[in-house]
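> sharing a sequence plus its predicted fold:
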Amino acid sequence: MTIYQFENICTKDTNLYLQDGVKKIIINVDAVENTKNKDLKAFLEYMKTGVSKSEFTRRLNNMVETVKDKVTARTEYNFVPGYIMDAKYEQRELDKKEIAEAKAETEKFKEENARLKAELEKLRNKQ
């Protein structure tokens, strides 16, 4: 079985590590046929097929599913601000439209008011 382990390292100074705690481990799961250790074999089969055949791999699978659920929830949570921003934008657009309609209505009332005042003035002048 071959295992490769990678860490983030500076390409300019190979003595300098990122130290973000991230490690990438690549395992050759095709070595499962050559593995004699029962637990390791079950783990490699789980890694290759996703099928749990031991208590350890069942627990591991439960943990994986829990993390997936949390990642999904976190992803959905991260979209919420976007939905809020979209809703605010739509509300601003509606507000702009309503303000424009109110201004137009106000202009109509001003024009009608001016027309009525002029008519009233004409009537007063006739008397």
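Yep, it's here.
> in this protein, which spans are strands?
Assigned by DSSP state E, the strands in the chain fall at 3-7, 23-27.
> I'd like those strands as a markdown table, with mean neighbour count and distance to Lys68 appended.
(C-beta placed from N, C-alpha, C; glycine too.) Listed next are those as a markdown table, based on neighbours: other C-beta atoms under 10 Å; distance: least, C-beta to C-beta, whole Å:
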| stretch | mean neighbour count | distance to Lys68 |
| --- | --- | --- |
| strand 3-7 | 10 | 23 |
| strand 23-27 | 10 | 19 |
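> hey, least reliable of those strands by pLDDT?
Among those, strand 3-7 carries the lowest mean pLDDT, a mean of 80.
> returning to what we had before: which one, of the strands of the chain, ends up nearest to Asn15?
With C-beta to C-beta as the criterion, Asn15 lies closest to strand 3-7 of these, at 12.4 Å.
> what is the orientation angle of that closest one with strand 23-27?
160 degrees (axes from the mean of the first three to the mean of the last three C-alpha atoms, to 10 degrees).
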